[in-house]
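Asker: 3D model of this:
(2 chains)
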Amino acid sequence: MENREIAAQFDKMADLLEFQGANPFRVRAYRNGSRRLQDLPDSIESLVTQGEDLTKLDGIGKDLAEKITQLVKTGTLQQLDELLEQVPESVLALLRIPGLGPKKAAVIYKELGIESLADLRTACQEHKVRELKGFGAKTEEGILAGIDLAERAGERIYWATADEVVQRLREYLSESKAVKQLEVAGSYRRGRETVGDLDFLVDATDTAAVMDHFGAFSDVTDTIARGDTKMSVRLASGLQVDLRVVPTKSFGAALQYFTGSKEHNVVLRGMAKDRGLKINEWGVFRVAEGEEDEYLAGKTEADVYKQMDLPCYPPELRENRGEFDYKKAKDIPKLIELDDLVGDLHMHTTASDGKQTIREMVAAAQERELRYIAITDHSKRVTMAGGLDSDRLRTQWDEVDRVNDELDDFLVLKGIECDILEKGGMDLPDDVLAEADWVIASVHYGQNQERQQITDRIIGALENPWVSVVAHPTGRLINKRERYAVDLEAVMQAAVENGKLLELNANPARLDLDDVHCSRAKQLGIPIVINSDAHSIGGLDVLRFGIKQARRAGLTAKDVANTRDWAKLKKLIRRG
DNA sequence: GCCGTTTTCGGCCCGACTGTTTTCAGTCG
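Answerer: Predicted coordinates:
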């Protein structure tokens, strides 16, 4: 059983317990446990099999350890089954309605016997909800409006999509003269692969002017809330955007606070408490009985952390995944930046399903100040994309030779994205692969195979003497397609044993490997290659999304292979 | 449910906003 499957069971436990009005800290313990498992690079199942003591994991105590073991061994969780007898799973859909939390949802379920969004809609239309204690006409209207949102699932959007909105809104807000400082906080700032909503933070004195301006943004369809310091709107796309207005002396504290993550902040504020301090969005304060809190810091984020004798962590690391072990600025790894990349080793041309020629891709890469690229069209198995057979591939490589002859200070590598066949083995013969500079092995077919079968296929590719790297090793498409059932730990071990690399595919829908697994690869010393997988000139611009993910994994330039010149990169790979 | 060189019990981050409340509970981030 995969870590994320066990995590999902814990999340469900948390939802159901919360619905029942259980101790909120007990609920949190399950959520923390879920998160711990999702962030864990090792397979929890193998830890159980090896008889490891799971309670050594932070946030996993005796009880959760037993539940994990039970899930691994039996595939089910007795306590969860019992809870589901008391509360039908379908009511959890009610919790997805904005403004409807566990308490109100429980009342609706108990008093009106409602178990689905459809039931709830009817009840609202019949004005039954407003009759309940603690409810009113406004609440009922809000719920009705929220049902549509809940049915649309409220899916998190790609970071890249959020970034487009951020750029436009940032520019728009900057037009207001009342705005002195402007930042975007939240999961966007931490560079998470998906973003649920946007948190804009403004330093201004004339709050009303900023809020009026914000509300007049052309994409705004609804104002959800507006108070003295906080305003929330919904855009036509359904995306919620929050705006906080704070004074200069609180800007850093608010930025720290709203950047999160929640888990990071819980730890930080716990530390403050131990010191008799309090951290909130207004600053760091000394708390004294019977006296007014004394403001200590808050102008910049660095000031806030300095009060705790901590360095100012890069936002990408603020997930409570070990960043607090870095006590000094010099302890923090120097995270990779876009400028560190000097090559891109995965892209397509008109020879298969790309939109541009080799020369056009070269020109575009040069504009982006890269020093080399690999042309890696599909192999013949990918018929729909016009994949190349041996003859066409060799013809393309002749073309690459001619292009290279025309170039100074730029190198085009002879590459191929060669399919790993369903039955195992590579789509092109070894003698052809041996002639390539760079061979990507990829799974495109048979993605639904059983764990053992697909794992064996990928390991087989890593054992091929001419393969350089495995691309998008899990095959997931964020919000669209689950990853293969592949045993990634086994794949990584095979990469180590065979001296191969793994890809971090920078396409915003892929970002594959993800941050947790990139971090694991780093632990194992497997160099990561950040590639665009571009199918057009514009496709080269996705590299920055890969960089975000790499930073979240704590990768430095050294951990990423294509920060090196080709001559040095080549030495990282065992071929032949 | 987790955690602990002050604790094995009693804590567990903190504040804004809304609606239905006459003083606060629920929700959200």
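Asker: The strand or helix carrying A:Ile454 packs against which elements?
Answerer: A:Ile454 belongs to helix A:451-463 when assigned by DSSP states H and E. Here helix A:451-463 touches strand A:438-442, strand A:469-470, helix A:488-498, going by 3 or more CB pairs under 8 Å, 6 or more residues apart in numbering; DSSP states H and E. Every C-beta, even on glycine, is put in place using the N, C-alpha and C of the backbone.
Asker: if I look at whichever residue of the stretch 351-500 of chain A sits closest to DNA strand B, how far off is A:Lys548?
Answerer: Using CB to the nearest atom of the strand, the single residue of the stretch 351-500 of chain A nearest to DNA strand B is A:Asn479, 17.9 Å away. Between A:Asn479 and A:Lys548 the computed distance is 17 Å (CB to CB, to the nearest Å).
Asker: go on, A:Ala485?
Answerer: For A:Ala485, the distance to A:Lys548 equals 27 Å [CB to CB].
Asker: Between the two, which is the more surrounded one?
Answerer: A:Lys548 (24 against 17; other CB atoms under 10 Å).
Asker: Report whether the expected contact of the more buried one with A:Tyr188 is present.
Answerer: No. A:Lys548 is beyond contact range of A:Tyr188, at 10.1 Å (criterion: CB atoms under 8 Å).
Asker: so what sits against both of these two?
Answerer: In terms of CB atoms under 8 Å, 6 or more residues apart in numbering, A:Lys548 and A:Tyr188 are both contacted by the residues A:Trp159.
Asker: my guess is the residue of the stretch 351-500 of chain A closest to DNA strand B is in a strand, correct?
Answerer: No. Counting by DSSP: H, G, I helix; E, B strand; the rest coil, A:Asn479 is not found in a strand; it is coil.
Asker: What is the burial count for the residue nearest to it when sequence neighbours are not counted?
Answerer: Nearest residue to A:Asn479, sequence neighbours excluded (CB to CB, 6 or more residues apart in numbering): A:Glu155, at 5.7 Å. Using other CB under 10 Å, A:Glu155 is surrounded by 10 other residues.
Asker: What helix or strand is A:Glu155 located in?
Answerer: Going by DSSP H and E, A:Glu155 is not in any helix or strand.
Asker: repeat for the one 5 residues further on
Answerer: Mapping A:Ala160 onto the secondary structure by DSSP H and E places it in helix A:159-174.
Asker: So for that helix, mean pLDDT?
Answerer: What helix A:159-174 shows for mean pLDDT is 94.
Asker: Stretch A:485-503 now?
Answerer: pLDDT averaged over stretch A:485-503 gives 95.
Asker: surely A:Gly525 meets A:Val496?
Answerer: Yes. A:Gly525 is in contact with A:Val496 according to CB under 8 Å; the separation is 6.8 Å.
Asker: In terms of packing, which of the two has more residues around it?
Answerer: Set A:Gly525 next to A:Val496 and count neighbours by other CB under 10 Å: A:Val496 wins out with 14 against 9.
Asker: Which residues are in contact with the more buried one?
Answerer: By CB under 8 Å, 6+ apart, the neighbours of A:Val496 are A:Leu524, A:Gly525, A:Ile526.
Asker: hang on, the earlier thing: just confirm yes or no for the helix holding A:Ala160 near DNA strand B.
Answerer: No. Applying CB under 7 Å from any atom of the strand, one finds helix A:159-174 separated from DNA strand B by no less than 13.8 Å.
Asker: Does that helix pack against any helices or strands, and if so which?
Answerer: Packed next to helix A:159-174, using 3+ CB pairs under 8 Å, 6+ apart, are strand A:181-184, helix A:186-190, strand A:194-195, strand A:197-203, helix A:207-215, helix A:543-552.
Asker: can you rerun that using 7 Å?
Answerer: Applying 3 or more CB pairs under 7 Å, 6 or more residues apart in numbering; DSSP states H and E, one finds that helix A:159-174 makes contact with strand A:181-184, helix A:186-190, strand A:194-195, strand A:197-203, helix A:543-552.
Asker: what's the closest of those to A:Ile143?
Answerer: strand A:197-203 (19.5 Å; CB to CB).
Asker: Domain parsing of chain A, as residue ranges.
Answerer: A:3-151, A:157-246, A:251-331, A:338-570 (automatic domain parsing).
Asker: how far does the shortest one sit from the chain's center?
Answerer: By that I understand domain A:251-331. Mean C-alpha position of domain A:251-331 versus that of the full chain (CA atoms, centre = their mean, to the nearest Å) differs by 24 Å.
Asker: Rounded mean pLDDT for it, please.
Answerer: Domain A:251-331 comes out with an average pLDDT of 91.
Asker: is DNA strand B contacted by it?
Answerer: Yes. Counting by CB under 7 Å from any atom of the strand, DNA strand B has neighbours in domain A:251-331: A:258, A:262, A:265-266, A:269-270, A:272-273, A:278-282.
Asker: Could you pick out the buried ones from those?
Answerer: A:Phe258, A:Asn265, A:Arg269, A:Ala272, A:Lys278, A:Ile279, A:Asn280, A:Glu281, A:Trp282 (16 or more other CB atoms under 10 Å).
Asker: In space, what's closest to A:Ala14 - neighbours in sequence excluded?
Answerer: Using CB to CB, 6+ apart, the nearest residue to A:Ala14 is A:Tyr30, at 3.9 Å.
Asker: on that earlier part again, of the contacts of A:Val496, closest to A:Val91?
Answerer: A:Leu524 (43.3 Å).
Asker: what's the distance between the closest one and A:Leu572?
Answerer: 14 Å.
Asker: Pick the most deeply packed of the helices and strands packed on helix A:159-174.
Answerer: Mean neighbours per residue, mean count of other CB atoms under 10 Å, is largest over those for helix A:543-552, with a mean of 25.
Asker: With just CA atoms, put the helix or strand following that helix into CSV.
Answerer: Per DSSP H and E, the first helix or strand lying C-terminal to helix A:543-552 is helix A:566-570. Taking Å, rounded to 0.1, in the frame of the first residue of the first chain, the C-alpha atoms of helix A:566-570 are listed here in CSV:
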residue,chain,number,x,y,z
TRP,A,566,27.8,18.7,-21.5
ALA,A,567,31.4,17.4,-21.1
LYS,A,568,31.0,17.3,-17.3
LEU,A,569,27.4,16.1,-17.4
LYS,A,570,28.4,13.1,-19.5
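Asker: I figured A:Trp159 was touching A:Pro508, is that so?
Answerer: Yes. Contact criterion CB atoms under 7 Å: A:Trp159 and A:Pro508 qualify, at 6.4 Å.
Asker: quick one: common contacting residues for the two?
Answerer: Taking CB atoms under 7 Å, 6 or more residues apart in numbering as the contact rule, A:Trp159 and A:Pro508 both touch A:Phe545.
Asker: pLDDT below threshold where in the stretch 1-150 of chain A?
Answerer: A:149-150 (pLDDT under 70).
Asker: switch the cut-off to 80
Answerer: A:2, A:41-42, A:96, A:98-99, A:145-146, A:148-150 (pLDDT under 80).
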